[in-house]
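Asks: Just the structure for this:
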Amino acid sequence: MIGFLLRSRQLCWAGAVLVAAETALPTAHAGQPFRTDDPEPVETQHWEINLFSLGTFNRVEHSGALAGIDANYGLAPDLQIHSTFFLGYNANAGEPTAIGMGDLELGIKYRFLSPAEDDWWPQVAIYPLLEVPTGNAQLGLGTGHMQLFLPIWLQKDFGPWTVYGGGGYFLNPVAENRNYWFSGIVVERKINDQLTLGVELFHQTSSQRDMPSMTGYNIGGSYSPFEHLRFLLAVGNGLQNVATTNRFSYYAGLQVTF
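Replies: The predicted model follows:
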């Protein structure tokens, strides 16, 4: 569950638009704080660092990241490299809370379709993500095996409105697990130069034999008091199999760009 949360909030997750100085900051792009990602890479030779906390609560388990770092770097035009590491927690009913390092996430985003402002087609990118089993699987802090997510993301802007989404297939080996699909869509609106708000709808098929599919939503956005800094927040819950998948979830983050 923690890996899914982090994966989708690059991983990720939407936020919104950071108003950037024309020469000092990367181009504005979405992503955090929602589970669904976007196709916009960080500008070449620029960094985007997200400091975050997140969690999901269901009937028998609370799990997430007490603190984490999501780092993205624009390696070349339309090409971004990504890594996420975090201090996770897992609390099952009647058992002590486990705290420790979670799985490491590595990724490469490549935007292969980047239309001009007046073109009708959307931006499109691929963003493969590899989950490296660095967390303790016996304590519920990791998967204990490699996982690979193969998504494609699209985005279209309409004045102050932005719509992005897509999804992909998750290779999830080991006997009790299942390969599964994730898909989502986000609609955002830029309220002013500092504030952007959005809503997300997402769906994931079953990832384990004893785990049902899940559908949910999040409401959130970003606030940028300074040109290099923005605050990120999203909250939501499930719409399907709520008790066992997602009674409540949150993401809170601080994004720095340079």
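Asks: Report the secondary structure state of Gly236.
Replies: Recorded secondary structure, Gly236: strand (DSSP: H, G, I helix; E, B strand; the rest coil).
Asks: Is it bridged to anything, and to what?
Replies: Beta-bridge partners of Gly236, counted by DSSP bridges, are Asn218, Ser249.
Asks: Make sure Leu87 is actually in contact with Ala98.
Replies: No - contact between Leu87 and Ala98 fails when scored by C-beta atoms under 8 Å: they sit 11.3 Å apart. C-beta here means a position set from N, CA and C on the backbone, and glycine is covered the same way.
Asks: in this structure, which segments are predicted with low confidence?
Replies: 1-30 (pLDDT under 70).
Asks: The residue in it sticking out farthest from the centre and Leu141, how far apart?
Replies: Taking C-alpha atoms, centre = their mean as the measure, the residue most remote from the mean C-alpha position of the chain is Gly94, 30.0 Å away. Distance of Gly94 to Leu141, computed by C-beta to C-beta, to the nearest Å: 18 Å.
Asks: and Leu239, what is it in contact with?
Replies: Applying C-beta atoms under 8 Å, 6 or more residues apart in numbering, we find Leu239 in contact with 215-217.
Asks: hey, C-alpha coordinates of the helix or strand harbouring it in CSV?
Replies: When secondary structure is defined using DSSP states H and E, the element that contains Leu239 is strand 229-240. What follows is strand 229-240, C-alpha atoms only, in CSV (Å, rounded to 0.1, in the frame of the first residue of the first chain):
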residue,chain,number,x,y,z
LEU,A,229,8.3,27.5,-2.7
ARG,A,230,4.8,26.0,-2.6
PHE,A,231,2.7,24.1,0.0
LEU,A,232,0.8,21.0,-1.2
LEU,A,233,-2.2,19.3,0.4
ALA,A,234,-4.8,16.7,-0.6
VAL,A,235,-7.3,14.6,1.3
GLY,A,236,-9.8,12.0,0.2
ASN,A,237,-11.2,8.5,0.7
GLY,A,238,-12.6,5.5,-1.1
LEU,A,239,-15.7,5.1,-3.1
GLN,A,240,-15.5,1.3,-3.5
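Asks: tell me the secondary structure for the residue farthest from the centre of the chain?
Replies: coil.
Asks: List phi and psi for it.
Replies: Note on Gly94: its backbone torsions stand at phi 80, psi 10 [degrees, to the nearest 10].
Asks: So it versus Leu239, what's the distance?
Replies: Gly94 is 28 Å from Leu239, by C-beta to C-beta.
Asks: now do Phe226
Replies: With C-beta to C-beta as the criterion, Phe226 and Leu239 are 36 Å apart.
Asks: what does Trp153 give?
Replies: Distance, Trp153 to Leu239, by C-beta to C-beta: 22 Å.
Asks: same deal with Lys109?
Replies: Distance, Lys109 to Leu239, using C-beta to C-beta: 28 Å.
Asks: same deal with Thr56?
Replies: 14 Å.
Asks: Test my guess that Asp103 contacts Leu129.
Replies: No - under the criterion of C-beta under 8 Å, Asp103 is not in contact with Leu129, lying 11.0 Å apart.
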